[in-house]
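>>> Kindly generate the corresponding structure for this input.
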Amino acid sequence: MSEIKDENLEEQEVKETIQEESEQPKEVVEEVDELTLAKQQIEEEQDKLIRLRADFENYKRRVQLDKAADYKYRAQSVLTDILPVLDNFERALAVETTSEEAASLVKGVDMVYRTLLEAVKKEGLEAIEAEGVAFNPNFHQAVMQEQDDSKESGVVLQELQKGYKLKDRVLRPSMVKVNE
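Numbering: from 1, shown residues only. Here you go, the predicted model:
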């Protein structure tokens with residue numbers, strides 16, 4: 001009987017040892033799983049951080065470009081409002097005068113017009129070339145067509161209203177008559 005008890009004790013010890021060994025790998029497996037999970041979370045957070053940093057850099061670049069464009073075209077609204085004034089000066093200067101008083105008045109208007117023209121040129125306003133050049137829909141607005149055999153097709157025959165651009169942006173296209 002003592003042999004049976006010894007065998008039972010031994011079996012029980014073996015079972016306990018096996019059970020302890022089987023419990024240890026579970027803990028190790030759990031620790032490995034937690035470690036892997038933690039590494040994945042760290043990688044995800046690092047990825048989020050990299051994306052956030054890239055988004056912020058893109059935002060900064062966009063803000064700088066917007067700022068530069070705002071500075072470059074700061075005078076656009078004022079110059080757009082001045083364009084009709086320039087047109088009126090040109091119409092006034094196109095009137096033929098017969099008397100000396102009218103001629104001196106025209107001379108004064110011409111001086112004011114030239115001063116205004118120089119001021120707006122300093123801000124970057126340029127007249128768009130029209131007569132005699134090839135029609136370009138980016139700079140010209142065709143309002144009439146006419147047949148002239150002495151000129152090539154698609155050439156601007158006459159400028160009806162002067163067009164202007166501010167640096168590289170068109171403020172108002174030239175209204176033109178185009179050869180068919």
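
>>> the strands in the protein, which residues?
125-127, 140-146, 156-161, 164-166, 169-172, 174-179 (DSSP state E).

>>> and Arg91, which of those is closest to it?
Minimum separation from Arg91 across the strands of the chain (Cβ to Cβ) falls at strand 156-161, 10.7 Å. C-beta here means a position set from N, CA and C on the backbone, and glycine is covered the same way.

>>> could you give the angle of the closest one to strand 140-146?
Strand 156-161 runs at 120 degrees relative to strand 140-146, counting by axes from the mean of the first three to the mean of the last three Cα atoms, to 10 degrees.

>>> What mean pLDDT does strand 156-161 get?
Taken as a whole, strand 156-161 has a mean pLDDT of 91.

>>> Who does that strand pair with, and is each partner parallel or antiparallel?
Each strand paired with strand 156-161, and its direction, by DSSP bridges: strand 174-179 (antiparallel).

>>> Give me the contacts around the strand it pairs with.
Strand 174-179 is contacted by residues 128, 130-131, 135, 139-148, 151-163 when judged by Cβ atoms under 8 Å, 6 or more residues apart in numbering.

>>> Go again with 7 Å.
If you take Cβ atoms under 7 Å, 6 or more residues apart in numbering as the criterion, strand 174-179 is touched by 128, 130, 135, 139-146, 148, 151-163.

>>> Narrow those to those that are buried.
Buried subset of the contacts of strand 174-179 (neighbour count, 16 or more other Cβ atoms under 10 Å): Ile128, Ala130, Phe135, Phe139, His140, Ala142, Val156, Leu157, Glu159, Gly163.

>>> Could you export these to JSON lines, including columns for distance to Arg62?
Output for the buried ones among the contacts of strand 174-179, formatted as JSON lines (distance: Cβ to Cβ, whole Å):
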{"residue": "Ile128", "distance to Arg62": "30"}
{"residue": "Ala130", "distance to Arg62": "36"}
{"residue": "Phe135", "distance to Arg62": "36"}
{"residue": "Phe139", "distance to Arg62": "29"}
{"residue": "His140", "distance to Arg62": "33"}
{"residue": "Ala142", "distance to Arg62": "37"}
{"residue": "Val156", "distance to Arg62": "38"}
{"residue": "Leu157", "distance to Arg62": "44"}
{"residue": "Glu159", "distance to Arg62": "39"}
{"residue": "Gly163", "distance to Arg62": "31"}
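
>>> wait, which of the residues you listed is closest to Arg53?
Phe139 (42.6 Å).

>>> dump the residue contacts of the closest residue to the closest one other than its chain neighbours.
The shortest distance from Phe139 to any non-neighbouring residue, by Cβ to Cβ, 6 or more residues apart in numbering, is to Ile128 (4.9 Å). Contact partners of Ile128, counting by Cβ under 7 Å, 6+ apart, are Phe139, Gly163, Tyr164, Lys165, Ser174.
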